[in-house]
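Participant: need a structure here:
(2 chains)
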Amino acid sequence: AQSVAQPEDQVNVAEGNPLTVKCTYSVSGNPYLFWYVQYPNRGLQFLLKYITGDNLVKGSYGFEAEFNKSQTSFHLKKPSALVSDSALYFCAVRDMNYGGATNKLIFGTGTLLAVQP
Amino acid sequence: NAGVTQTPKFRVLKTGQSMTLLCAQDMNHEYMYWYRQDPGMGLRLIHYSVGEGTTAKGEVPDGYNVSRLKKQNFLLGLESAAPSQTSVYFCASSTGGEQYFGPGTRLTVT
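Facilitator: Numbering: from 1, shown residues only, chains lettered A, B, ... in the order given. This next block holds a predicted model:
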C-alpha cells in the first residue's frame, strides 16, 4: 500500500540552529515527492518538490530537501531556523495508481515545527 | 491572479441542513480536489476531478457530493449535515504537479 510517514508529531529547535523534519514514503515506481507548509488558519503552501534529477532540492524560504532512494526518505532541512518558520509541515507523495494519472497526493499526518527564540 | 478561492470562509449548520461550498481557480488547471482536515488525521481526500464534467470519489466520500460543470469551479455539497462533518475543508487545483490550495472553509455542524 502507498503511504507517507512523518514519525515526529513535533520538532523543537532553537532559532539559528539547523532543522530537520523527517519523511519516509512507500510507493511503487519512481516517487514524486512534495513538501507543504501550513501556518495557523491558512491553507497549505507549496515549498518544494522532487520529480527527478539532483537528490538535493531547494525550495522557498531557504528550505531544502534530500531525496534518498535507498532509505525511501525525503527529509526537509534548513541550515538556520527562524522563529517565523514555526508552522505545520506536510510531506506528500503522488499516488501512482493508474500510472499517476489522477495526480492525487497522499499526505503524511504533519509535523509541528516549533522554533524557540 | 487570485489563485484558488473558497466561499464561504466560515459556516455553522444545524444537523440535517444542507449547504454548498464553492471553490474557484483562475489558473486554468485541469485537476481539482476537495479535502477535509481534522486534528491528528492530516488531510483526507473527499472527491476529486481530472477535468471539466468529471468527478471521482476519494478516501472519504460518504455524505458529500460534487460537481464540476465549469473548468474553473468545483462545488462540494452536503445534503444532510452531520456533526461528524465538522471540519476544515480545503480545495486544491493542479496542472499535474504540485497542488495549490485555497484558504479553507471552517464548518461547524451542531
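Participant: hey, where'd the strands end up in chain A?
Facilitator: With strands called from DSSP state E, chain A shows them at A:3-5, A:10-14, A:19-21, A:24-26, A:33-38, A:44-50, A:56-58, A:64-68, A:73-78, A:87-94, A:105-107, A:111-116.
Participant: again with chain B
Facilitator: Listed in chain order, the strands of chain B (DSSP E) span B:4-7, B:10-13, B:19-25, B:31-37, B:43-49, B:56-57, B:64-67, B:73-78, B:87-94, B:99-101, B:105-109.
Participant: Would you mind getting the angle between the longest one and strand B:31-37?
Facilitator: If I follow you right, that is strand B:87-94. Going by axes from the mean of the first three to the mean of the last three Cα atoms, to 10 degrees, strand B:87-94 is angled at 160 degrees with respect to strand B:31-37.
Participant: still on that earlier bit, dump the strands of chain A to JSON lines, plus distance to B:T95 and mean neighbour count.
Facilitator: Yep, even glycine has a C-beta here, placed from its N, CA and C like the rest. Below are the strands of chain A laid out as JSON lines (distance: least, Cβ to Cβ, whole Å; neighbours: other Cβ atoms under 10 Å in any protein chain shown):
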{"stretch": "strand A:3-5", "distance to B:T95": "22", "mean neighbour count": "16"}
{"stretch": "strand A:10-14", "distance to B:T95": "32", "mean neighbour count": "14"}
{"stretch": "strand A:19-21", "distance to B:T95": "26", "mean neighbour count": "20"}
{"stretch": "strand A:24-26", "distance to B:T95": "22", "mean neighbour count": "17"}
{"stretch": "strand A:33-38", "distance to B:T95": "14", "mean neighbour count": "24"}
{"stretch": "strand A:44-50", "distance to B:T95": "12", "mean neighbour count": "20"}
{"stretch": "strand A:56-58", "distance to B:T95": "19", "mean neighbour count": "14"}
{"stretch": "strand A:64-68", "distance to B:T95": "21", "mean neighbour count": "18"}
{"stretch": "strand A:73-78", "distance to B:T95": "22", "mean neighbour count": "20"}
{"stretch": "strand A:87-94", "distance to B:T95": "13", "mean neighbour count": "24"}
{"stretch": "strand A:105-107", "distance to B:T95": "14", "mean neighbour count": "22"}
{"stretch": "strand A:111-116", "distance to B:T95": "27", "mean neighbour count": "17"}
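Participant: Let's have those strands in a markdown table, adding distance to chain B and mean pLDDT.
Facilitator: Formatted as a markdown table, the strands of chain A follow (distance: least, Cβ to the nearest Cβ, whole Å; pLDDT from 0 to 100):
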| stretch | distance to chain B | mean pLDDT |
| --- | --- | --- |
| strand A:3-5 | 9 | 94 |
| strand A:10-14 | 12 | 98 |
| strand A:19-21 | 14 | 98 |
| strand A:24-26 | 14 | 96 |
| strand A:33-38 | 6 | 97 |
| strand A:44-50 | 4 | 96 |
| strand A:56-58 | 12 | 96 |
| strand A:64-68 | 13 | 97 |
| strand A:73-78 | 14 | 98 |
| strand A:87-94 | 7 | 96 |
| strand A:105-107 | 5 | 93 |
| strand A:111-116 | 10 | 97 |
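Participant: Fine by me, we can end here.
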